[in-house]
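J.: when you get a sec, could you give me coordinates for this:
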Amino acid sequence: MQLSRTSWLAVLLAALAVLSTLVLGAVVGTVFFAGTVAYLLIPAVRHVERVGVSRWVASALTAAAVSAAAVVPFALAVSAGRGRIADAIDAAGDLPETYSVSAFGYEYVVDVSLAIDAVTSYGADLAVELAGQLPVLALKLTLFGVLVFGLLVAHEDAERALLAVVPPDYRDVAGALGRRARATLYAIYVLQAATAVATTLLALPVFYVFDVPYLLTLSVVAGVLQFVPIVGPSVVVFGVAAYWAATGAGDAALVFLVVAGILVAWLPDVLVRPRLSRETADLPGSLYFIGFTGGLLTVGAVGVIAGPLVVALTAEAASLLASERNSTAQTTLSGGEADPWDETAPRTAEREDGPAESPPPGAGDGTDADAGTEQDGFGAGGDGDPGDTPDLGDHDDDTVDAAGDPS
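T.: Numbering: from 1, shown residues only. Got it, this is the predicted structure:
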């Protein structure tokens, strides 16, 4: 079978996309993040355009705002964490190297010196690595802003180019996948970001009341951990409680665990998510966790977004397939054919008693045998009226309407 010109161009596009991924592998993550953010911000650009500004200005303003939203937290995190790693290493070094545990009249001594040495060594290596990555991260943030601006300016051309390779009969599928992708990205970026901000704002007074060290840093970390499904800011709460318990402040650790667990780890989800959940994808938390964990372990930081997105699109494709199959089955049954899996359906005479005896030619309605055979082909339960035959012209029109305008 000879491929059409459009098919050849689609194959060429796919091949060049693979080649670009191999050649530009160092910035694939940045391109992916910029593409998903730009796709999510298209409605925002349209709102800005309604004010009366041009597409270029609206795209520039939107890209500048989202770039600032990415750069400012990053700069604050670098500024706050510049000396925190050394302080954390010193705090780990102050922990006792042995702990005594008494049970059933016996006393056991647990040696944790090896674990403390491993933590301090890892912290020192992490500080050196982060310092070396700062210029690269700054360059990637600049590339991120430029890509978001370019994609927002030319998003209509990109959409037309992508839809051009999709057959008209399947553009409804592309639309359904696009809507699910937008809802999933909204859930990941907007909903998680709003929950993270609420978590940080609630953690600040709670940590201040309990005199938690590194107040601002741990509050921001608790907010960032909202992007980690299931566990979230509970890691910070349990970490602080475990540290206090290890240093002998067991009562304070227990009270902090209960209060911070409710106000920091649980309350932000209750306050924020119900108010924004109408715009989010209907994706169970277990599937989101699978996508997040699998994507993170497979492709690194990109998997934080790509993993849940792929899982959501897979779930949407499965839903489309199930709907298509159910629609086909209902259409078949409404046409008069028996469901082969329905055991309650009455058996035909041929299955129970052998082939049914054929009526004599011309019996029943006074027509000859040839006419009766032709009329039986109009559909089960028909009366032989040629008017019961489906109109092929109307059927074709319905097919075109359902698939969309082929032009």
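
J.: for the closest residue to residue 267 other than its chain neighbours, give its distance to residue 317.
T.: Leaving aside its chain neighbours, residue 267 sits nearest to residue 202 (6.3 Å; criterion: CB to CB, 6 or more residues apart in numbering). C-beta coordinates here come from the backbone N, C-alpha and C atoms, glycine included. Applying CB to CB, to the nearest Å, the value for residue 202 to residue 317 is 38 Å.

J.: neighbour count for those two, which is higher?
T.: residue 202 (21 against 14; other CB atoms under 10 Å).

J.: what is the rounded mean pLDDT of the helix or strand where the more buried one lies?
T.: Applying DSSP states H and E as the criterion places residue 202 in helix 192-209. The average pLDDT within helix 192-209 is 90.

J.: which residues touch residue 6?
T.: 164-165 (CB atoms under 8 Å, 6 or more residues apart in numbering).

J.: what's the answer for residue 218, then?
T.: 203, 207, 212, 236, 240.

J.: the fourth one contacts residue 223, doesn't it?
T.: No - using CB atoms under 8 Å, residue 236 is not in contact with residue 223; the gap is 9.5 Å.

J.: find residues that contact each of the two.
T.: residue 203.

J.: and the furthest pair within the contacts of residue 218?
T.: For the contacts of residue 218, the maximum inter-member distance is 10.5 Å, found between 203 and 240 (CB to CB).

J.: so for the two, which residue has more residues nearby?
T.: More crowded of residue 203 and residue 240, by other CB under 10 Å: residue 203, with 27 against 22.

J.: tell me how far that one lies from residue 214.
T.: For residue 203, the distance to residue 214 - CB to CB - is 12 Å.

J.: over to residue 61?
T.: Using CB to CB, residue 61 is found at 36 Å from residue 214.

J.: poorly predicted segments of the stretch 1-150 of the chain, please.
T.: 1, 76-85, 93, 99, 101-104 (pLDDT under 70).

J.: for it, what spans make up the strands?
T.: Under the criterion DSSP state E, counting those that start in this stretch, the stretch 1-150 of the chain contains strands at 98-103, 106-111.

J.: and the last one, how far out from the chain's middle?
T.: Which is strand 106-111. 47 Å (CA atoms, centre = their mean, to the nearest Å).

J.: longest single helix anywhere in this protein?
T.: helix 113-153 (DSSP state H).

J.: show me what that one is packed up against.
T.: Other elements packing on helix 113-153 under the criterion 3 or more CB pairs under 8 Å, 6 or more residues apart in numbering; DSSP states H and E are helix 28-49, helix 55-81, helix 84-93.
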